[in-house]
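Colleague: pasted the sequence and its predicted model underneath.
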Amino acid sequence: MTASGAPLPPDTLGRRLTEVYDLVGPLYRRAQRSVEHGLTRDGLSVGVRAVLTLLRRNGPMTVPQMGRAQEISRQFVQRMVNEAADAALVESIPNPAHRRSSLIRLTAAGEERIDSVLDREHALLRQVGGDLTEADVATCLRVLGAMLHSLDHVDAD
């Protein structure tokens, strides 16, 4: 099969993107199992890891903001925030923009824990190989982003 710079016709694009979905599901499930395995020794759940990662990348956020960013319910995020707070990994601080919706931020212990997890995951991902280029990764991100955007009409709850 040759790669061309021309856009695919809609029917062909649909079939090719089905192949992408067929890979993304198993990839996601295997990656999640791998993350869960690594998190077991850290005493973190996948949900708490997601909250800590989001806060590490974006700084303090409200629970509703985290829910929207992760495409999951506010209630689930709140449970994960509560779990992280019980472990002293996050704390609530006043939100100058909204009195009733506190900001959640990482504690020093939370930063240390998520940095350790991300460093370990980074070491695993360095082993992907395959002579991938920056252009390959950029294209992958663009395609997956377009696929995600095409599902914006689907509710997260």
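Modeller: Okay, I see it. Numbers count the residues shown, from 1 in each chain.
Colleague: could you check how far residue 98 is from residue 67?
Modeller: With distances taken as C-beta to C-beta, to the nearest Å, residue 98 is found 15 Å from residue 67. Yep, even glycine has a C-beta here, placed from its N, CA and C like the rest.
Colleague: do residue 105 as well
Modeller: The value you get for residue 105 to residue 67, if C-beta to C-beta is used, is 17 Å.
Colleague: of these two, give the one with the bigger neighbour count.
Modeller: More neighbours surround residue 67 than the other of residue 105 and residue 67, with 20 against 15 (other C-beta atoms under 10 Å).
Colleague: what's the top helix by length along the chain packed up against?
Modeller: For the chain, the longest helix by residue count, based on DSSP state H, is helix 10-42. Applying 3 or more C-beta pairs under 8 Å, 6 or more residues apart in numbering; DSSP states H and E, one finds that helix 10-42 contacts helix 46-58, helix 108-125, helix 134-149.
Colleague: mean neighbour count added to those, as TSV?
Modeller: Output for these, formatted as TSV (neighbours: other C-beta atoms under 10 Å):
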stretch	mean neighbour count
helix 46-58	19
helix 108-125	14
helix 134-149	10
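Colleague: please name whichever of those is nearest to residue 35.
Modeller: helix 46-58 (5.9 Å; C-beta to C-beta).
Colleague: just the C-alpha atoms of that closest one, please, in CSV.
Modeller: Coordinates of each C-alpha in helix 46-58 appear next as CSV, following Å, rounded to 0.1, in the frame of the first residue of the first chain:
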residue,chain,number,x,y,z
VAL,A,46,-5.8,4.7,37.8
GLY,A,47,-8.3,7.4,38.7
VAL,A,48,-6.1,9.0,41.3
ARG,A,49,-3.2,8.8,38.9
ALA,A,50,-5.2,10.6,36.2
VAL,A,51,-6.2,13.4,38.7
LEU,A,52,-2.5,13.8,39.8
THR,A,53,-1.3,13.9,36.2
LEU,A,54,-3.9,16.5,35.2
LEU,A,55,-2.9,18.7,38.1
ARG,A,56,0.8,18.2,37.4
ARG,A,57,0.3,19.3,33.8
ASN,A,58,-2.2,22.1,34.4
